[in-house]
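J.: Sharing a model that was predicted from the sequence below.
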Amino acid sequence: MSSRFITSLMAVALLTTVARGAAPKPTVQSIGDQVMCLCGCVATLNHCPHLNCATQAEMRAAIGKEIAAGKDETAILQDLAIQYGVQVLAAPPKKGFNLTVWILPGIGLLAGLAVAIVLVRRWHAPSAPASAAAPPVDAELLAAVEEEIKTSGLGPKE
Amino acid sequence: MIEVGSLALIGALAFALCAIIAGAVGGKLRSARVVKSAERATLAFAAMITVAVVALEYLILTDNFHAAYVAEHSNRDLQTFYKVAVLWSGQEGSLLFWTWLLAMYSALVVLLNRKKNRQLMPYVVAVLMGVGTFFSGITFFVANPFQELSLSSASGLRPFSPADGNGLNPLLQYHSMVIHPPMLYLGYVGMAVPFAFAMAALITRQLGDNWIRTTRRWTMVPWMLLGLGIILGGNWAYAVLGWGGYWGWDPVENASLLPWLSGTAFLHSVMIQEKRGMLKVWNVVLVITTFFLSIFGTFLTRSGIVSSVHAFAQSNIGPVFAVFLAIIVFFSLTLLFLRLDHLKSENKLDSVISRESGFLFNNWILLALVFAVLWGTLFPLISKAVQGQTVTVGAPFFNKTAIPMGLLLLFLTGAGPLLAWRKTSFQSLKRNFTVPLAVALVTGVVLFAAGVRHLYAWMTLFLSAFVAVCVLGEFWKGARTRMRTAGENFALAVYNLTMRNTRRYGGYVVHLGIVLLFIGFAGLAFKADIKGDMRPGDLLRVKDYLLRCDDLVSGETPNYEYVRALITVTKDGHAFTTMHPEKRFYKASQQPTSYVAIHPGLAEDLYVVLAGMDQDSGKAIVQAFVNPLVVWVWIGGFVVFLGTLLALVPSRVEREMATIRPGHEMAVQSDDVI
């Protein structure tokens, strides 16, 4: 059974790897999800709700030119950050102080895991005999259960 | 009526202060008479705030533009339906509304606990009215909705009433926007009740299971309403903002998600305390965190410290809120620290593979998610303070951090309930997991063969299959046993099974709703869109749909002018539907907005936006989206709501116990899910 289980896991891992696929070619739409429209709408280029937004049109044209020049996604985003300032990026670049925004959630996750593991180890009591492990019975509750069994007719016949 | 509203507010403030003093003194002296006074003062506070709300609604509905708030947020031609919603559309009104909801919750707590929790009640009332004092105080002194308009003249100030008001923000003139804020606020405000019980338990040292059992329902109700509010907000964004999506990781959206996540953690970990007497400190921490995040969410929405497409009311109330948040943290953590000795665990963990561990890991992911979302939301402020640089933290960051954690949570949604309390054997693991894992693997292979190459979408659907089989399997196993032992048919067996333990099976329904939500999220990976200029006769193709613009018509209503595109859609050469997207221009507020045309379907939505008109060519700018599986987000949200309602219904066993032992509250049942 365990070898079948390992085979299954390997199949999942393989599928996951294959599913990752190659990086698709950038489009104005794909870049538009990663940069902010600077018209003041506080939305990405694709989500700008403004009617006939001139800023959006100008930025889309700039991205179109970069794609036509054959640049990849990273290069296009770098050029846009140079042209409009770093706030144009919908997520900060992974360098300097901005790196902390990317790594702290991961550190938080790992720290939480470490705490959870420590707690589990600390709370984990060695197995005790069944009689010792049994929780104390609330006498009042026990009486209520017996009463319920009696009234429901499920108890032994008297 | 303006004077009535103002007087009611000051009266409410006075009663709230009385309730705090009487509650604290009555609790300390153990005087039933003084405690009764505190409770009556709470009811009087509720009555006064209700008078203030009625006064403001009266001013709005009668178009009294002498009231500055009404002139700012309403106009004569606004539909009555939306006029009612003006109450919570602006800063001052929404804070009054917040206070009123708190007053209603507080009154309900007092009325439902006249014979229960008598030791806790004095302090519960004092804490609730502490919060009430803050909100009624801020409503009266800082953001008063009963201010009058006046003009200065040579003879001094004289009253002024404009002929019409500025009107309601057009983005808010949408049906789900009328229900969304009240639901969200009911969620935020309701978290004050478990917080008040937790503080009362700490003050009185009554830290057994009683406060936990009492607050479980008081937490589930606001949690359910907050979730519903979030879904309705997504529905509003989808139908009104016109960008084809429902969640953009906007700071205000994040602010509503945070208390929902920590509340979810609490609703799970509370079971460990009920069942095993463990995680006592952690549960208090979670209650404090959830309440803090609720107030923080209100602060974020109302203070304007972060930019948001959802922040419709901003002012300078930020510093006052910051001080209040600091008081909450200081007061609650100090109390917690002083009572640590009373919060010792009663039991140890029997096995690493157990329901307890499952809940612990569920809490780990949920809290890590809270941290990631909070950190990303606040980072622009931190960056500005530290490096003087304005940065944006938007969807790309949140998708990269939150999606993997979300997938882990999805896995635990299915796996957690299959683990037994105390210890799960390997045999039991094998028995419970084999079928769900096999079905998930088959689903994964089929999806891959069908061309699904998007990693996250593939994993989401794979895990969704796993969780759905896990949950449905629980219903199947239970029903099969009843069919065998009681001779019931399948439907009756499922019904009886569910009603015998509503908490457990309601929880399973919630988990199924979460699966449906995730299936809806997975659809985002396959969306397609196109934008084009159209005049009558022009065609536009998106995936299998061909859109033909038949006509462009313009007109007006008393409230707005509009341009409407009449679009006929064919799919694979066959007539499919007609759609009428609109661009509206609201007269009073002088603001444009889109009225999106949506043709919903179980597989995909066709979503058409009239983005604008090209002034030079006279063509309509039309954007069309094909959004797969979106409808499952709304269905999933509704199922979560229904499941929570079900879990709130007392089970047959509970009702039977209550008749045997009046006043008895059932201990946690062995396999409860929420």
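T.: Happy to help now that I have it.
J.: how about the nearest residue to B:L343, chain neighbours excluded?
T.: Computed as C-beta to C-beta, 6 or more residues apart in numbering or on different chains, the closest residue to B:L343 that is not its neighbour in sequence is B:K280, at 4.1 Å. (Glycine included, C-beta is placed from N, CA and C.)
J.: How about the contacts made by that neighbour?
T.: B:L207, B:Q273, B:L343, B:K344, B:S345 (C-beta atoms under 8 Å, 6 or more residues apart in numbering or on different chains).
J.: Shouldn't the last one be within a strand?
T.: In this case it means B:S345. No - assessed with DSSP: H, G, I helix; E, B strand; the rest coil, B:S345 is coil; it does not lie in a strand.
J.: Quick check, it in contact with B:G277.
T.: Yes - using C-beta atoms under 8 Å, B:S345 makes contact with B:G277 at a distance of 6.6 Å.
J.: How is the chain partitioned into domains?
T.: Just going to use chain A. According to automatic domain parsing, chain A comprises the domains A:2-91, A:98-152.
J.: The chain in question should be chain B.
T.: With automatic domain parsing as the reference, chain B has domains B:1-148, B:169-341+B:357-407, B:408-525+B:643-660, B:527-631.
J.: tell me how far the last one is from the chain's mean position?
T.: Read that as domain B:527-631. 30 Å (C-alpha atoms, centre = their mean, to the nearest Å).
J.: touching chain A at all, that domain?
T.: Yes - shown here: domain B:527-631 in contact with chain A (C-beta under 8 Å from any C-beta of the partner chain) through B:D529, B:K583, B:P592, B:S594, B:A611, B:G612, B:M613, B:D614, B:Q615, B:I621.
J.: A:I67 - that's part of a helix, no?
T.: Yes - checked against three-state DSSP, A:I67 lies within a helix.
J.: show me the contacts for the spatially closest residue to B:M405 that is not a sequence neighbour.
T.: Closest residue to B:M405 apart from its sequence neighbours, by C-beta to C-beta, 6+ apart: B:L369 at 4.8 Å. Residues in contact with B:L369 (C-beta under 8 Å, 6+ apart) are B:L261, B:A402, B:M405, B:G406, B:L409.
J.: and of those residues, the nearest to B:G245?
T.: Proximity of these to B:G245 (C-beta to C-beta) peaks at B:A402, which lies at 15.1 Å.
J.: on that earlier part again, secondary structure element for the residue nearest to B:M405?
T.: Per DSSP states H and E, B:L369 falls inside helix B:355-387.
J.: Moving C-terminal from that helix, which element do we reach first?
T.: Downstream of helix B:355-387, the next assigned helix or strand under DSSP H and E is helix B:395-415.
J.: Next, the angle from that following helix to helix B:355-387.
T.: Relative orientation of helix B:395-415 versus helix B:355-387 (axes from the mean of the first three to the mean of the last three C-alpha atoms, to 10 degrees): 170 degrees.
J.: What distance do you get for B:A449 to chain A?
T.: Counting by C-beta to the nearest C-beta, to the nearest Å, the gap from B:A449 to chain A is 10 Å.
J.: about what we covered before: just the buried positions in the helix holding B:L369, please.
T.: B:355-380, B:383 (16 or more other C-beta atoms under 10 Å in any protein chain shown).
J.: quick one: B:D572 from chain A, how far?
T.: Separation of B:D572 from chain A (C-beta to the nearest C-beta): 24 Å.
J.: pLDDT score for the closest residue in space to that residue that isn't next to it in sequence?
T.: Closest residue to B:D572 apart from its sequence neighbours, by C-beta to C-beta, 6+ apart: B:D544 at 5.5 Å. pLDDT for B:D544: 91.
J.: May I ask you to name the longest helix in chain A?
T.: Longest helix in chain A by number of residues (criterion: DSSP state H): helix A:99-123.
J.: average pLDDT for that helix?
T.: 88.
J.: And for stretch A:56-71?
T.: Rounded mean pLDDT across stretch A:56-71 is 89.
J.: How about stretch B:246-255?
T.: 89.
J.: for it, how far is the first residue from the last?
T.: Terminal residues of stretch B:246-255 are spaced 15 Å apart (C-alpha to C-alpha, to the nearest Å).
J.: Give me the contact status of that stretch with chain A.
T.: Yes - using C-beta under 8 Å from any C-beta, a contact is recorded between stretch B:246-255 and chain A, made by B:G248, B:D250.
J.: Now for B:F379: which residues touch it?
T.: Neighbouring residues of B:F379 by C-beta under 8 Å, 6+ apart: A:P92, A:V101, B:V391, B:V393.
J.: can you redo these as CSV with neighbour count?
T.: What follows is the contacts of B:F379, written out as CSV (neighbours: other C-beta atoms under 10 Å in any protein chain shown):
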residue, neighbour count
A:P92, 27
A:V101, 23
B:V391, 24
B:V393, 26
